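Novice: sequence and computational prediction follow.
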Amino acid sequence: MEHSCVQLNDLSDEILLIILNKLEKYHVLYSLTGVNQRLTKVAHDFIFTNSMTLFQYQSHKFISRLSNAVFDRLCSYVLPQIQYKINWLDIEVSSMECVLVSGNYPNLFGLGIDNIETDNDLNIFEGKIFRLK
C-alpha cells in the first residue's frame, strides 16, 4: 500500500456518519449539501437536521454569529431544503429574522434565542400571532 488515497465517496454511509458526527452540524450541512446526491443525503440525515445551533461558542459565556459566507449559504440554500426536518433551532438574536424567513419549519417545536440584550431585539415578534401545536 504505497500510495493509498481514500475519498469521502469511498467510505460507507455508516463510517461517514461516525466521522461527521464529530463536527458541528452546521459545518456538515454547509460543506456537504449540494456536493453530490449521496453526500447531500448523508448531510440531511436526522442527526444533523433535527436540532440545529446556528452560532459559534467563543467560550462558556460568549457566542458569536457564524461567518457571513457560512450563514448566507445556510439561509439561502440549506435551510429551505431541510426546513421540514428541523425540530429545534438555537439562533443568535441578530440572525433571527434571516433564519426564520428562510423556511416555514412545520415541525419546529422549540426555538432558543441567544444574546437578547433589549426588548427591541424581539421586535420581529411584535403584533404577530403564532399557532402553537
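Specialist: Cool, got the structure.
Novice: ranges for the helices of the chain?
Specialist: 13-20, 25-32, 37-43, 46-49, 68-73, 79-82, 96-101 (DSSP state H).
Novice: for the last one, buried residues please.
Specialist: Applying a neighbour-count criterion of 16 or more other Cβ atoms under 10 Å, the buried positions in helix 96-101 are 96, 98-100. Using the backbone N, CA and C atoms, a C-beta is placed for each residue, glycine as well.
Novice: what does it rub up against?
Specialist: Helix 96-101 has contacts (Cβ atoms under 8 Å, 6 or more residues apart in numbering) with 54, 71, 75, 79, 89, 91, 113, 124.
Novice: burial of the residue nearest to Ser95 when sequence neighbours are not counted, as a residue count?
Specialist: Once flanking residues are discounted, Ser95 sits nearest to Arg65: 5.4 Å by Cβ to Cβ, 6 or more residues apart in numbering. Arg65 has 16 neighbours, counted by other Cβ atoms under 10 Å.
Novice: who are the neighbours in contact with Arg65?
Specialist: Counted by Cβ under 8 Å, 6+ apart, Arg65 has contacts 55-56, 71, 92, 94-95.
Novice: farthest-separated two in these?
Specialist: Pairwise distances across those (Cβ to Cβ) peak at 12.9 Å, for the pair Gln56 and Ser94.
Novice: rebuild the contacts of helix 96-101 as CSV, extending it with neighbour count.
Specialist: Formatted as CSV, the contacts of helix 96-101 follow (neighbours: other Cβ atoms under 10 Å):
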residue, neighbour count
Leu54, 25
Phe71, 19
Cys75, 20
Leu79, 24
Leu89, 20
Ile91, 21
Ile113, 16
Ile124, 13
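Novice: distance to Tyr26 and pLDDT added to those residues, as TSV?
Specialist: Formatted as TSV, those follow (distance: Cβ to Cβ, whole Å; pLDDT from 0 to 100):
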residue	distance to Tyr26	pLDDT
Leu54	6	95
Phe71	9	95
Cys75	11	96
Leu79	10	97
Leu89	11	95
Ile91	11	92
Ile113	17	85
Ile124	21	61
